[in-house]
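Colleague: I need the structure of the sequence given here:
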Amino acid sequence: MTLLLTTVSTPIGSLNLIADEHVLLGANLSTLKALKESLSLEDSKRVIQTVDKIPVISDLINDYFDGDVSALNAIQVRQLGAHFSQSAWKAMRKVSAGKTMSYADLAVRAGSGDAVRAAGSACAKNAIVLVVPCHRIVKTGGALGNYAYGLSKKEWLLRHEGAL
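Modeller: Sure thing, here's the model as predicted:
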């Protein structure tokens, strides 16, 4: 099966998406090259077709930016990563739009309260930004912390969702 690739224009920049039918494999705000490099070895060998929009996924992304901040919950995802990262990404998906969670709480929910740095690494390695909402993870006390695409984008997303 062919993978589908598209770019969606958003208020925070161009959002690149790659999917296997209705399962999102990657989303970034940087380059198509980086997006393709985030794929598993198996997926990277598949044919990639550039399309105007990915059925269902593109519409849900647009719905999110149009104000339905829960629309992303309907998108299925799959990404390569170690066990702890998988647990952290699953925990991130449970953080509702309009809410935040600390890196320390993320570590606990991912199965190891002592793994706060690993929780931060899971955020940094997240290949499906926005849909796996690493932007909702903040420092203890509420400071924004880091974001691979810049704190202004993280702040915009959190304001859009009503968390700030």
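
Colleague: Could you use CA atoms for every contact and neighbour count after this?
Modeller: OK.

Colleague: Pretty sure F65 sits against V8.
Modeller: No - F65 is not in contact with V8 according to Cα atoms under 8 Å; the separation is 10.7 Å.

Colleague: in the chain, what spans have low per-residue confidence?
Modeller: Per-residue confidence of the chain (counting by pLDDT under 70) places no residue in a weak region.

Colleague: Can you name the residues that contact the most centrally placed residue in it?
Modeller: The central residue of the chain, meaning the one whose C-alpha is nearest the mean C-alpha position (Cα atoms, centre = their mean), is V129 at 2.2 Å. When contacts are counted by Cα atoms under 8 Å, 6 or more residues apart in numbering, V129 touches 26-29, 135.

Colleague: Wait, a helix at L106?
Modeller: Yes - residue state for L106 (DSSP: H, G, I helix; E, B strand; the rest coil) corresponds to a helix.

Colleague: Hmm, it is touching R93, no?
Modeller: No - using Cα under 8 Å, L106 is not in contact with R93; the gap is 10.9 Å.

Colleague: Good, we can wrap up now.
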